[in-house]
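Colleague: here is a sequence together with a model predicted from it:
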Amino acid sequence: MESQNTSSAGARLAIIAAGLGIALCVGTAFLLWHLRSDAVDNESRELGLLSLALTDETDRGMQAVEAGLRALRGEIAEGRLQPTSPDAAHALRTRAQLIALVGDIWIVDDDGRVLAATGTAPAPPLAQFFPALENLPQASVAASRPFAKAGSEASLVAFAMRLAPRNGAGPAWILAAMPAQALLGAFSVASPSEDARMAVFRDDGVLLAGEIVAPPRVDEATVARRLALLKGTELRRFRDGSERLIALHRLPRFGIEVVLTRDLTIALVSWRQAARLTAAAVVFLLAVLAGSVVLVLRADQRRAAAQRALLAQKARASKLESLGTMAGGVAHDFNNVLAAIIGFGEMAQDAAPPGSTLARHLDKSMQAALRGKALVERILTFSSGGGRDSVVFALQPVVEEVLDLLAASMRPGIIVERALHAPGVRQRGDPTRAFEAIMNLCANAVQAMPEGGTLRVSLERVHVEAPRVLSHTRLQPGDYLELAVSDEGVGIEAEVMEHLFEPFFTTRKPQDGTGLGLAVVHGVIGEFGGAIDVRSEPGRGACFTLYFPASSELATGAPAAQRPPPQGAGQLLLVVDDEPALVTMAEEMLTGLGYRVEGFTDPKAALQALRGTPAKYAAVITDEVMPGLGGTEFTVALKAFAPQLPVLVQSGYGGAMLASRALAAGAARVIAKPMRRAELAFVLADILA
């Protein structure tokens, strides 16, 4: 069934990916088409504006020629210039110099005979002008076909203006010639690109100047017919498959048309480059999409396999957990038995004559009991329960060991700053647990700085004179070792701070952690009887500060550890345990240590006795696991009316978080069963000091 679900999910993913690919292609095609249309429109507008400017320049030049011809006609009509006079040629040359663009002038009659001219070059035939001269109005100008001047390769165009009515006597026409290239104006300078072409036509389609606006295989007649249909700027396709932008403007007064053209293929070079880049990007995206689908499908297959393996692992873990729970229960009951054996055995050893057979037998019995204690500790380690070893040790070497181990595996970009100023200060607890807590804090700080930063670790002895309210615990007056671990990471949000030490709570990805690191830190500091404080601002890093109670005892293993256990001064202790034998054993053991004892097997009866006169008791020793009312609940109820009375909680099997729960309830110390008499004596002396 799971395999079928994975297959159907993969098919759906493939369909979705295909749909996305098609949508991407269609969207890209539409966008490119839209961009091409915009590019054509932009080129058309640019070409139209340029064509209008060039047409206006040609119009101004033609108006100058027309004005010059009108002035010359006026002089002839008034008789100031006689075409038949000897100095007529000189006068015409002078007038030609005054008319812009004009080089040669002829005065001819209706039959085309030259009456006067600026030079010896023949005048163009009157039949080559358009509109036809016989139909040309008095105030209009006609243009000739292009012709070549003798001795020159430059092409000329002549313009004709009527002098007198047809069939009149004397001169009939003024002809003025100008270079055909002059009709193109400043096109050679203002041309937008090398593919742009300009041409000037007569209204009958005769090319006066410039280049033809179509490929060579298209004749002038076809061009003329097509140009006749043009208005403004248009895109035209020719028979050879080429496309051109054509802008046309007419000068009806002179019977000419100005045409500007661009090859669309060249004009859209930038668009085609963008289109190629876009197509390459689309192909790349499609490849990435296809690769992603393949990777996701493979990941789904791996996930399905991992889920199957996880289910099998959970089944095995469930079996181990059941075994651990059963082992823990058995270890708890056995611990109670061992506590009585060890306690009474130690008292029997005191009473036995040294060197006697009885003393040897008791020594063997104690050795067996201690082996049983070690065996129970291993069982409790397997079942994640029970107390921890409590020894006196210096914390600074543990911190240095953690930092040395981290330095060996530190990734680049992390700088470690250490300020350790408590070389000889000791505390009581389990050094392995302290190492674990410090390692978790430092590892968390490093993980909070993925881009690198500074990890600062400081250790110093501090004296707290008044109670302090910290972020997550309350710090009582006393001497402490203050361990601060700070980073320059992203910081901790307020809502995260509320759940910071909850087991399995984490803001990282599942593969980056289980969410137990800070929960372990909280539990360890609880076992030590210390406190924890967290200070953080989002974006400015975080600082975790641990307070370990300082101890005046010598380190475990030193010769002073062989001293006799400290004696009490007759203080009254209250002992609560559901096992009558353990109550009896505790009464005799504590009496031998110099204390007075009242024992109870019912925790509710013990509470009732305490309510009456709590001040007469110096301390309370209670078991954790008792029917009806456990040691932690007993402590909570007691602290409600006797907050200053120290409570010592014993447990043979309390779980990994027992110390945290008991200390949060107000217990002064949590110790593991079975406890040796000397250990109990030192713990009592410590909490009663």
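Modeller: Arrived safely, thanks for sending. Residues are numbered from 1 along each chain as shown.

Colleague: could you pull up the mean pLDDT of stretch 432-451?
Modeller: Average pLDDT, stretch 432-451: 86.

Colleague: return the set of buried residues in it.
Modeller: By 16 or more other C-beta atoms under 10 Å, the buried positions in stretch 432-451 come out as 433-442, 444-446, 448-449. C-beta here means a position set from N, CA and C on the backbone, and glycine is covered the same way.

Colleague: alpha carbons only: can I get it in PDB?
Modeller: Coordinates of each C-alpha in stretch 432-451 appear next as PDB, following Å, rounded to 0.1, in the frame of the first residue of the first chain:
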ATOM      1  CA  THR A 432      30.600  13.300  33.300                       C
ATOM      2  CA  ARG A 433      27.200  15.000  33.400                       C
ATOM      3  CA  ALA A 434      28.900  18.400  33.800                       C
ATOM      4  CA  PHE A 435      31.000  17.600  30.700                       C
ATOM      5  CA  GLU A 436      27.800  16.600  28.800                       C
ATOM      6  CA  ALA A 437      26.000  19.900  29.700                       C
ATOM      7  CA  ILE A 438      29.000  22.100  28.800                       C
ATOM      8  CA  MET A 439      29.500  20.300  25.500                       C
ATOM      9  CA  ASN A 440      25.800  20.700  24.600                       C
ATOM     10  CA  LEU A 441      25.900  24.400  25.300                       C
ATOM     11  CA  CYS A 442      29.100  25.000  23.200                       C
ATOM     12  CA  ALA A 443      27.700  22.800  20.300                       C
ATOM     13  CA  ASN A 444      24.500  24.800  20.300                       C
ATOM     14  CA  ALA A 445      26.400  28.100  20.200                       C
ATOM     15  CA  VAL A 446      28.500  26.900  17.300                       C
ATOM     16  CA  GLN A 447      25.400  25.700  15.400                       C
ATOM     17  CA  ALA A 448      23.800  29.200  16.000                       C
ATOM     18  CA  MET A 449      26.600  30.700  13.900                       C
ATOM     19  CA  PRO A 450      26.500  29.100  10.500                       C
ATOM     20  CA  GLU A 451      28.300  32.000   8.900                       C
END
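
Colleague: residue 553 - that's part of a helix, no?
Modeller: No - when classified by DSSP: H, G, I helix; E, B strand; the rest coil, residue 553 is found to be coil rather than part of a helix.

Colleague: for it, which non-adjacent residue is spatially closest?
Modeller: Nearest residue to residue 553 in three dimensions, chain neighbours excluded: residue 392, at 4.5 Å (C-beta to C-beta, 6 or more residues apart in numbering).

Colleague: in three-state terms, label that neighbour for me.
Modeller: Counting by three-state DSSP, the backbone at residue 392 sits in strand.

Colleague: can you check residue 597 too?
Modeller: Three-state assignment for residue 597 (three-state DSSP): strand.

Colleague: what do you get for residue 152?
Modeller: With three-state DSSP as the basis, residue 152 sits in coil.

Colleague: one more: residue 456?
Modeller: strand.

Colleague: how about it, what does it touch?
Modeller: By C-beta atoms under 8 Å, 6 or more residues apart in numbering, residue 456 lies in contact with 417, 418, 419, 484, 485, 486, 487.

Colleague: and if you look at residue 198?
Modeller: Contacts of residue 198 were listed using C-beta under 8 Å, 6+ apart, and they are 54, 184, 187, 191, 210, 211, 258, 259, 260, 261.

Colleague: one more: residue 602?
Modeller: Residue 602 makes contact with residue 578 under the criterion C-beta under 8 Å, 6+ apart.

Colleague: tell me the domain ranges of the chain?
Modeller: For the chain, automatic domain parsing gives the domain ranges 1-267, 270-382, 391-549, 564-688.

Colleague: go through these and find the least confident stretch.
Modeller: Of all the domains of the chain, domain 270-382 carries the lowest average pLDDT, namely a mean of 69.

Colleague: ok, the residue nearest to residue 553 - how many residues close by?
Modeller: Neighbourhood size, residue 392 [other C-beta atoms under 10 Å]: 20.

Colleague: begin at 899, not 1, for the rest of this chat.
Modeller: Sure, I'll start counting at 899 from here, so that last one is residue 1290.

Colleague: would you confirm that it contacts residue 1324?
Modeller: Yes - using C-beta atoms under 8 Å, residue 1290 is in contact with residue 1324, at 5.2 Å.

Colleague: that older thread, between the contacts of residue 1096, which is nearest residue 1300?
Modeller: Nearest to residue 1300 among the contacts of residue 1096 is residue 1089, at 78.0 Å by C-beta to C-beta.

Colleague: what's the burial count for the closest one?
Modeller: Neighbour number of residue 1089 under other C-beta under 10 Å is 17.

Colleague: now it, nearest residue through space, not along the chain?
Modeller: residue 1096 (7.8 Å).

Colleague: the one you found belongs to a strand, doesn't it?
Modeller: Yes - using three-state DSSP, the secondary structure at residue 1096 is a strand.

Colleague: any idea how far it lies from residue 945?
Modeller: As judged by C-beta to C-beta, to the nearest Å, residue 1096 and residue 945 stand 11 Å apart.

Colleague: tell me, what's touching those two both at once?
Modeller: Shared contacts of residue 1096 and residue 945, defined by C-beta under 8 Å, 6+ apart, comprise 1158, 1159.

Colleague: so how far is residue 1361 from the residue nearest to residue 1451?
Modeller: Per C-beta to C-beta, residue 1290 is found 19 Å from residue 1361.

Colleague: confirm that residue 1075 sits in a strand.
Modeller: Yes - under three-state DSSP, residue 1075 falls within a strand.

Colleague: buried only: go through the contacts of residue 1354 for me.
Modeller: Counted by 16+ other C-beta under 10 Å, the contacts of residue 1354 give 1382, 1383, 1384, 1385 as buried.

Colleague: okay, buried residues for stretch 1483-1495 please.
Modeller: Buried residues in stretch 1483-1495, counted by 16+ other C-beta under 10 Å: 1483, 1484, 1485, 1487, 1488, 1490, 1491, 1493, 1495.

Colleague: dump those residues into CSV; add distance to residue 1451 as well.
Modeller: Below are these laid out as CSV (distance: C-beta to C-beta, whole Å):
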residue, distance to residue 1451
1483, 25
1484, 23
1485, 26
1487, 21
1488, 20
1490, 22
1491, 17
1493, 20
1495, 24
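
Colleague: now, which of the residues you listed lie within strands?
Modeller: Among those, DSSP state E puts residue 1495 in strands.
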